[in-house]
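1. pasting the sequence and the predicted model now:
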Amino acid sequence: MNIALSTGAGRVSGGDSRRAESLWGMDIYQFASDGVISTPELGRLGLGPNEIRRALRAGRLRRLIRGWYAVWPPDLPVAPWDGANGRAREQNQHRLLVRALVRQFDGRVVASHQSALLLHGAPLYALDLSRAQLTRTQDDHSRHRALAHIHPAVDFPTSTSPDGVPCVHPAVAAVQVGLGPGEQAVGVMPSLVAADWLLQTRAISMLDLSAAIGLFASCPGITAVRAQLACADGRHESVGETRLAAILRALGLRFRPQVAHVVDGQRTRVDFELDGERVIIEFDGLGKYRVDAADGQDEGLAMRRAFAAEKRRQDALTALGYEFVRVLWSDLDRPWFIAAKIQAARALAQQRTGA
């Protein structure tokens with residue numbers, strides 16, 4: 001390792017700029033914890049204000065909060081705070097902000113709410129990432145900063161994200177986002193989306209969820225959260241399926257998710273099937289048609305083959321007397337439209353049965 005720690009006042013002189021660039025390009029990331037580093041830590045590595053400003057201009061450091069920076073490792077082609085689209089960039093920057101704040105508070109806070117869910121890899125539906133959400137580990141004081149909400153401690157075992165950041169238990173985070181951090185309350189659907197995913201991945205159990213709900217028994221809004229989370233189901237495989245299931249319940253329909261059928265000798269599953277009726281309801285998110293193309297195979301061709309396979313599956317089930325209702329993401333904001341499609345399919349299925 002080529003770091004020289006005997007740098008006097010902890011700064012690299014202009015004559016040593018080449019050594020500073022080498023030190024920056026090769027070694028600093030090894031001293032960054034969770035991809036972030038503080039001003040004192042940079043100083044101990046020989047980088048003072050001038051070198052930090054140079055690294056910021058070069059895009060190798062990014063300021064997160066006062067005295068804390070994200071580091072771009074030299075072996076990564078894209079900065080860790082960048083992303084393929086706006087939402088990905090927002091999430092990457094939020095992760096780094098949370099890591100910096102958790103380290104700054106040095107054990108006095110853990111990530112919570114949507115910040116904890118993001119670190120656990122859970123899907124975030126309609127949740128704001130402009131501020132980090134943190135929960136104290138010791139006291140019941142709350143605090144609002146420009147970039148963070150700090151909430152009172154909760155009496156529940158804490159957790160650690162896959163990349164090692166201290167968090168509230170994921171079941172607690174799922175309840176918290178339904179209650180909302182103060183004025184940012186966005187309804188209970190974010191709770192249900194998170195809970196379904198956490199149950200599906202077995203990150204939590206229904207017992208965990210019930211215990212987490214009990215923590216907030218006196219909080220405003222907990223009645224609605226409790227009612228919605230009573231329907232949490234780990235069999236839903238996407239945000240769209242969770243939202244569609246909630247709509248079906250609101251329409252008063254009785255259904256089963258992930259029902260197995262045998263088609264052409266092969267076992268397959270449908271997203272939803274109405275109880276006692278030959279009506280299948282599928283959420284048609286594009287994700288289900290995304291397949292990994294084989295070596296040398298055109299991705300478009302692989303997608304077309306996936307569509308063709310889905311068409312054959314539907315035709316086979318239709319031949320067995322089932323009616324299909326396909327719901328798009330855009331339909332989820334029009335429950336009346338979904339209800340009309342389902343009613344039409346039920347009528348057709350009853351005609352088949354009568355015939």
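-> Nice, thanks for sending it over.
2. and the next element down the chain from the lowest-mean-pLDDT helix or strand in the chain?
-> Here the helix or strand of the chain ranked lowest by mean pLDDT, DSSP states H and E is helix 17-27, holding a mean of 49. Using DSSP states H and E, the helix or strand that follows helix 17-27 in sequence is strand 36-38.
3. counting by contacts, list what that following strand packs against.
-> Counting contacts by 3 or more CB pairs under 8 Å, 6 or more residues apart in numbering; DSSP states H and E, strand 36-38 packs against strand 68-71, helix 86-105. C-betas here are computed from N, CA, C, even on glycine.
4. now do stretch 60-74: distance to the chain's middle.
-> Taking CA atoms, centre = their mean, to the nearest Å, the mean C-alpha location of stretch 60-74 is offset from the chain mean by 23 Å.
5. start and end of it, how far apart?
-> In stretch 60-74, first residue to last residue: 8 Å (CA to CA, to the nearest Å).
6. can you check stretch 238-258 too?
-> 12 Å.
7. okay, buried residues for it please.
-> For stretch 238-258, the neighbour count (16 or more other CB atoms under 10 Å) marks 238-248, 253, 255, 257 as buried.
8. identify the residues contacting that stretch?
-> 123, 125, 189, 192-193, 196, 228, 231, 233, 235-237, 269-276, 281, 283, 285, 287, 327, 329, 332, 335, 338-339, 342 (CB atoms under 8 Å, 6 or more residues apart in numbering).
9. go with 7 Å
-> With contacts defined as CB atoms under 7 Å, 6 or more residues apart in numbering, stretch 238-258 is touched by 123, 125, 189, 192-193, 196, 231, 233, 235-236, 269, 271-275, 283, 285, 287, 327, 329, 332, 335, 338-339.
10. and it, how far out from the chain's middle?
-> For stretch 238-258, the gap between its own C-alpha mean and the chain's C-alpha mean amounts to 21 Å (CA atoms, centre = their mean).
11. what's the burial count for Ala308?
-> 10 (other CB atoms under 10 Å).
12. wait, is it part of a helix?
-> Yes. According to DSSP: H, G, I helix; E, B strand; the rest coil, Ala308 belongs to a helix.
13. taking the mean pLDDT, what do you get for stretch 224-232?
-> Across stretch 224-232, pLDDT averages out at 95.
14. alpha carbons only: can I get that stretch in PDB?
-> Extracted as PDB, the C-alpha positions of stretch 224-232 are listed here (Å, rounded to 0.1, in the frame of the first residue of the first chain):
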ATOM      1  CA  ALA A 224     -56.300   1.700   8.800                       C
ATOM      2  CA  VAL A 225     -52.700   0.200   8.700                       C
ATOM      3  CA  ARG A 226     -53.800  -2.700  10.900                       C
ATOM      4  CA  ALA A 227     -56.800  -3.400   8.700                       C
ATOM      5  CA  GLN A 228     -54.700  -3.400   5.500                       C
ATOM      6  CA  LEU A 229     -51.900  -5.400   6.900                       C
ATOM      7  CA  ALA A 230     -54.300  -8.100   8.000                       C
ATOM      8  CA  CYS A 231     -54.500  -8.900   4.300                       C
ATOM      9  CA  ALA A 232     -50.700  -9.000   3.800                       C
END
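15. pLDDT weak spots in the stretch 201-350 of the chain?
-> 285-300 (pLDDT under 70).
16. mind checking the SS state of Phe324?
-> strand.
17. what's the answer for Phe156, then?
-> coil.
18. burial count for the spatially closest residue to Tyr322 that is not a sequence neighbour?
-> Distances taken as CB to CB, 6 or more residues apart in numbering put Arg278 closest to Tyr322, at 4.7 Å, once the chain neighbours are dropped. Number of residues near Arg278 (other CB under 10 Å) recorded here: 19.
19. how about the helices in this structure?
-> Using DSSP state H, the helices of the chain run over 17-27, 39-44, 49-57, 86-105, 113-120, 170-179, 189-200, 206-215, 222-229, 239-250, 299-319, 335-354.
20. dump those into TSV; add distance to Thr137 as well.
-> Shown next, in TSV, are the helices of the chain (distance: least, CB to CB, whole Å):
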stretch	distance to Thr137
helix 17-27	32
helix 39-44	23
helix 49-57	31
helix 86-105	9
helix 113-120	13
helix 170-179	13
helix 189-200	22
helix 206-215	15
helix 222-229	22
helix 239-250	31
helix 299-319	47
helix 335-354	42
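21. re earlier: from Arg136, how far out is the residue nearest to Tyr322?
-> Distance of Arg278 to Arg136, given as CB to CB, to the nearest Å: 54 Å.
22. hang on, the earlier thing: pick out whichever of the buried residues of stretch 238-258 sits closest to Gly321.
-> Phe255 (17.4 Å; CB to CB).
23. for that closest one, name its beta-bridge partners.
-> Leu274 (DSSP bridges).
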